[in-house]
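Undergrad: Pasting the sequence and the predicted model now:
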Amino acid sequence: MEGVEVVDHPLVQHKLTLLREQDRSTKSFRELLKEIGMLLCYEVTRDLPLTKVEVQTPLATMMAPRLAGKKLVFAPILRSGLTFAEGMLDLVPAARVAHIGLYREPETFAAVEYFFKAPADIAERLVIVVTPVLATGNTAVAAVDRLKERGAKDLRLVTLICVPPGIERMRGLHPDVPIWTAAIDDGLDEHAFILPGLGDAGDRAYGTK
């Protein structure tokens, strides 16, 4: 699909399979979610610009590459996006974090916001929206809406698993926001959960069900 990058790296696919297993412990689920977050961060930041700077090694002076231009903001959608983003923060510890509290209303599947906090200079940064699943697309769309209202101009979305309806909604309303994912699953059940999916990522990450 246009604007969607499926990350097929063997380590990503292997860890995603482990994450899907229903008997996976809460501790193991969180660890895997964090590890995959780090691996996907490598992919979504692959094209960040570099500049050459002079450094002194123990043996010589040289010109070496360093990140240039925009700084990063990770914007996890609470709750499950937090653990997913932790791996990314381990990789880019200088990044800022925007927290977006959204939950899906169980009857209408509409996104309901309960918290939002973002860096003041978000318009000057590359914003990576982090959510483990892209199902109906309602929460991801609401998150991007709020970030754009706050001034964000350059956004990307990272998710573990998505489905065609969620992709179509997201790309239809925000065609300027590319998507990175580890898998595109079959579809949604009557409760708007992804099939085969991995269940409720928030409940599995925090042991609340």
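TA: On my side now, so go ahead.

Undergrad: Can you give me the neighbour number for Glu21?
TA: Using other CB atoms under 10 Å, Glu21 has 12 neighbouring residues. C-beta coordinates here come from the backbone N, C-alpha and C atoms, glycine included.

Undergrad: neighbours around Arg156, how many?
TA: Neighbour tally, Arg156, other CB under 10 Å: 19.

Undergrad: what bridges to it?
TA: Ile128 (DSSP bridges).

Undergrad: How about Pro132, nearest residue that isn't a chain neighbour?
TA: Excluding the flanking residues, the one nearest Pro132 by CB to CB, 6 or more residues apart in numbering is Ala201, at 4.0 Å.

Undergrad: my guess is the one you found contacts Val130, does it?
TA: No - between Ala201 and Val130 there is no contact under CB atoms under 8 Å: 11.5 Å.

Undergrad: How about the contacts made by the residue nearest to Pro132?
TA: Leu33, Ser80, Pro132, Val133, Leu160 (CB atoms under 8 Å, 6 or more residues apart in numbering).

Undergrad: who wins for neighbours among these?
TA: Neighbour max across these (other CB under 10 Å) = Leu160, 31 neighbours.

Undergrad: May I have the phi/psi pair for the most centrally placed residue in the chain?
TA: Centroid-nearest residue in the chain, with CA atoms, centre = their mean: Val130, separated by 2.3 Å. The phi/psi pair for Val130 (degrees, to the nearest 10) reads phi -120, psi 120.

Undergrad: I'd like to know how far it sits from Glu86.
TA: 10 Å (CB to CB, to the nearest Å).

Undergrad: any shared contact partners between the two?
TA: With CB under 8 Å, 6+ apart as the test, Val130 and Glu86 both reach Gly37.

Undergrad: which strand residues sit across from Arg96 in the sheet?
TA: Here Arg96, judged by DSSP bridges, has bridge partners Val73.

Undergrad: which residue sits farthest out from the middle of the protein?
TA: Computed with CA atoms, centre = their mean, the maximum C-alpha offset from the centroid of the chain is found at Leu59, amounting to 40.4 Å.

Undergrad: Please compute how far the helix or strand Glu86 falls within lies from its chain's middle.
TA: When elements are assigned from DSSP states H and E, Glu86 belongs to helix 81-91. Put simply, helix 81-91 sits 9 Å off its chain's centre (CA atoms, centre = their mean, to the nearest Å).

Undergrad: where along the chain do the helices fall?
TA: With helices called from DSSP state H, the chain shows them at 10-20, 26-44, 81-91, 138-149, 164-173, 201-206.

Undergrad: Return the set of buried residues in the shortest one.
TA: Using 16 or more other CB atoms under 10 Å as the burial criterion, the residues of helix 201-206 that qualify are Ala201, Gly202, Arg204, Ala205, Tyr206.

Undergrad: wouldn't the fourth one be in contact with Arg24 here?
TA: No - at 10.5 Å, Ala205 does not count as touching Arg24 under the criterion of CB under 8 Å.

Undergrad: Pick out the most distant pair among the contacts of Ala201.
TA: Leu33 and Val133 (11.3 Å; CB to CB).

Undergrad: And the residue lying closest to Leu134 once chain neighbours are set aside, how close does it get to Ala192?
TA: Leaving aside its sequence neighbours, Leu134 sits nearest to Cys162 (CB to CB, 6+ apart; 3.6 Å). The gap separating Cys162 from Ala192 is 13 Å, by CB to CB.
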